[in-house]
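1. build me a model:
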Amino acid sequence: QQSKSNRAGPQISAASTVEKRMKTCKVFSPTQKIVAAAKLMNVKLNQCFRGYPLANGSVLYTPNGNMIFGDNAILKYLNNSPLDYNIDEWLEVERDLRASAKPDTILAKLDAHLASNSFLVGGSMSVADVAMICTLISIDPNLDKFPSVQSFVANNSGNPIFEMAGTSQIQDVEMVVYSTILSLYPNVDDAFFEVPVGGSNMMQKAKDVKLGHYQCTAALKLFQILKNSKNSKPEVVKGGPKGLAQSIIDHLPRGGAVDTSTCNIAGPGFIMLRVSADYLALKVAKLIQSDGPKPRRNEHGESESVLVDFSSPNIAKEMHVGHLRSTIIGESVSRILEFTGHKTHRVNHVGDWGTQFGMLIEYLKQNASSKDISGNSVGDLTEFYRNAKQCFDEDEAFKKRSQLNVVALQSGDEECTKIWQTLCDISRASFEKVYSRLNCTLTECGESFYNPMIPGVIEKFKEAKLVTDDPSGAKLCFVDGHSAPLMLQKSDGGFGYDSTDMAALHYRIKTLKCSRCIYITDYTQSQHFQMCFAAADKIGWTSDDASAAKKVELMHIGFGTVMGEDNKRFKTRSGDTVKLVDLLDESSKRMEENLRERLNEKKANITEEELPGVAKVLGYSAVKYFDLHRNPTSNYVFSYDRMLDTKGNTAIYLLYAHARLVSILAKAGDQFPEAMAKIQAKESPALSLVHPSEVNLAYHINQFDELLTTLLVDLLPYRICDYLYALSNSASDFVTKCKVLGSDEMETRLLLCKATGLVMRVCFDLLGLQYVMSI
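-> Numbering: from 1, shown residues only. Take a look at the predicted model:
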């Protein structure tokens, strides 16, 4: 949505809360009950691999080193009020309900209490309510006779604290291996398992799946510690890292996430691990029951406010190929953040202010009234811009009148404002043609919005004694690590990019209360933004008022250049910049020609009427994926032939692979309706993974959670592309080597097809790619 006038500002609401200080505890094998109670009580839980021999279940390690065993004992500790007898009493009722074979008597007591109370204790949710709700959900009793209990569960079970993301595949493998190490060597410090700053995790995905799914270097690190320890027995380190690795393998528990029968040692002591088929099948089944990967909220159930600044075209200019990367990278980054539970402001920082508008207004005054230009396209305005610039450079009188127009516009002159507004409106209509093709959504908040804020921001720098007055009259701010200063105000009293961007930063941090601000521009602006970030940090804007340890994260994602076949900036044959609309439509046109050939050869599964729409989806997606699938910092050569190829790492290959899976499921519905009905109703028996291609596909499906964990660190969309391509290759190998329809294993294999499709569609959505169900 866009404001009618940028001066009025965008419709963005400010975050209303500031994160409180948090107590941190380590926990071994937490249950949903413990996770939910920790969120309720604002306690951060860090994963711990250290269990306790006498504890059968969860163990909480308090900050002062004490151990607490058992769910309800842990909940009492988290409650932070040990003498709350009402809480204790209801936790006892919950324990009895859990253990009871005939729960009606307990439920009747609970129903009577809830008939006149919204919660078990007091007027808000407590840890006792958390325990009771988790138990009622898990035992799933018939509550028809207990309406108050039924309402209690219905009204509260949707609270975000009960969302449990679950652990990823690699985390479950880590738990098996690391807890085994601690059982063998209990004196190993917890810090052994922490990833050092700038270092890598001891558990990594194996580079070659033929050698294993994961590789662990823990034995190498453990050997160095034991070798240098005075308490280590000589026989423990006698076998070197390989001997330690073998000892760990020999003691891995059977029947868990790791297939212990296939573990082996590679190189100097790498433990090579495969995930067990039973574990993989269980994870895939859960994914299907959930109708695909679910959005993962941040660990405390609270939504961070994040701002993504992307696209940023200039008013009165056509969007060109140079705007492609910022627009589609920013859209994908926004989708990743939204999927993971963050409140995301998608800001289009358009260039709608500055001296250039003075000359454009003057040219239009001379050559057309605002009424005459209102029906023109931005293409016409681009030509006006060139002509206006020529007049500005060659005619001194024109130049002076242009400068007066800038003053008049800033003062609110009616005629100048009307022309400026017309230019903005025409430009927005042109921008929207691009955004609709790219399936992108932004909120416009241009330079003009921040212009009135600049004097106040400069005053804040003066008060902080961070302004240096240059002899020329300019106001400068020097920041550490940079020889050149930020120019907060020009010598003539005007404002430039530095001024506007500092005002924008202040508004975004202090008014919108954003905990992260992410800027997506070409890499040449990296130094400028690093200077702005350093200045914001120096003046104290990035420090949270509630906790100096928590700082606003400021991030710049820079990208390289789109090149032509001549390895120069991509331009038309005449040397003009390529218009983005023309580029996208050309891709769609070529895709339509390709599909029509397939349709004539009876190789397409679409109708003549569907063809133009399918061609647009594939053509636009091809352009976006061709850019997104590489690291944004790299330059690349634009090629329609390569991006529209049905083979290799292209959107076309991925969309065809997805359509093939959908087609198999559709044929199953026609040929085996009973089996397909069970799958659709989620009544199909458990998966049984036997064939290596089945196991391999399930392994790749379950890596989605690992992908999310990585994405939240660097927000780079190409990681989704890498995962999606690997998943599609695994699916293609699976359907080639494993007969699906009519086979004895049909139900398992149909479930694998369904799960793969569910994950692929989520990945398409995260990338901002549209998809079709048949091609």
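2. shouldn't Lys365 be within a helix?
-> Yes: according to DSSP: H, G, I helix; E, B strand; the rest coil, Lys365 belongs to a helix.
3. and the strands in the stretch 351-500 of the chain, which stretches?
-> Using DSSP state E, counting those that start in this stretch, the strands found in the stretch 351-500 of the chain span residues 443-444, 468-469, 475-477, 486-489.
4. with mean neighbour count, mean pLDDT and distance to Asp576 added, can I get those in CSV?
-> Placement of C-beta: from N, CA and C, glycine included. As requested, the strands of the stretch 351-500 of the chain are arranged in CSV below (neighbours: other CB atoms under 10 Å; pLDDT from 0 to 100; distance: least, CB to CB, whole Å):
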stretch, mean neighbour count, mean pLDDT, distance to Asp576
strand 443-444, 17, 96, 26
strand 468-469, 12, 96, 43
strand 475-477, 20, 97, 38
strand 486-489, 22, 96, 32
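5. out of those strands, which is closest to Ala681?
-> Set against Ala681 and scored by CB to CB, the strands of the stretch 351-500 of the chain come closest in strand 443-444, at 41.6 Å.
6. quick check, distance from that closest one to the centre of its chain.
-> Taking CA atoms, centre = their mean, to the nearest Å, one finds strand 443-444 lying 20 Å from the centre of the chain it belongs to.
7. against which helices or strands is that strand packed?
-> strand 343-348 (3 or more CB pairs under 8 Å, 6 or more residues apart in numbering; DSSP states H and E).
8. contact partners of the strand it packs on?
-> The set of residues external to strand 343-348 that reach it, using CB atoms under 8 Å, 6 or more residues apart in numbering, is 10, 12, 15, 303-313, 330-331, 334, 337-338, 441-446, 508, 512, 514.
9. just say helix, strand or coil for the residue nearest the centre of the chain.
-> Centroid-nearest residue in the chain: Ile336, 2.4 Å away (criterion: CA atoms, centre = their mean). For Ile336, the assignment made with three-state DSSP gives helix.
10. sticking with Tyr625, tell me its helix or strand.
-> If you go by DSSP states H and E, Tyr625 is part of helix 611-628.
11. CA atoms only: put that helix into PDB for me.
-> In PDB, the C-alpha atoms belonging to helix 611-628 read as follows (Å, rounded to 0.1, in the frame of the first residue of the first chain):
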ATOM      1  CA  LEU A 611      -0.700 -21.500 -22.200                       C
ATOM      2  CA  PRO A 612      -0.200 -17.700 -21.900                       C
ATOM      3  CA  GLY A 613      -0.700 -17.700 -18.100                       C
ATOM      4  CA  VAL A 614       1.700 -20.700 -17.700                       C
ATOM      5  CA  ALA A 615       4.300 -19.000 -19.900                       C
ATOM      6  CA  LYS A 616       4.200 -15.900 -17.800                       C
ATOM      7  CA  VAL A 617       4.700 -17.900 -14.600                       C
ATOM      8  CA  LEU A 618       7.600 -19.800 -16.000                       C
ATOM      9  CA  GLY A 619       9.100 -16.900 -17.800                       C
ATOM     10  CA  TYR A 620       9.100 -14.500 -14.800                       C
ATOM     11  CA  SER A 621      10.200 -17.300 -12.400                       C
ATOM     12  CA  ALA A 622      13.100 -18.100 -14.800                       C
ATOM     13  CA  VAL A 623      14.500 -14.600 -14.600                       C
ATOM     14  CA  LYS A 624      14.200 -14.400 -10.800                       C
ATOM     15  CA  TYR A 625      15.700 -17.800 -10.100                       C
ATOM     16  CA  PHE A 626      18.600 -17.200 -12.600                       C
ATOM     17  CA  ASP A 627      19.500 -14.300 -10.300                       C
ATOM     18  CA  LEU A 628      18.600 -15.700  -6.900                       C
END
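12. which residues touch the nearest residue to Val275 once chain neighbours are set aside?
-> Of all residues not flanking Val275 in the chain, His213 sits nearest, at 5.1 Å (CB to CB, 6 or more residues apart in numbering). Going by CB under 8 Å, 6+ apart, His213 touches 173, 205-206, 273-275, 699.
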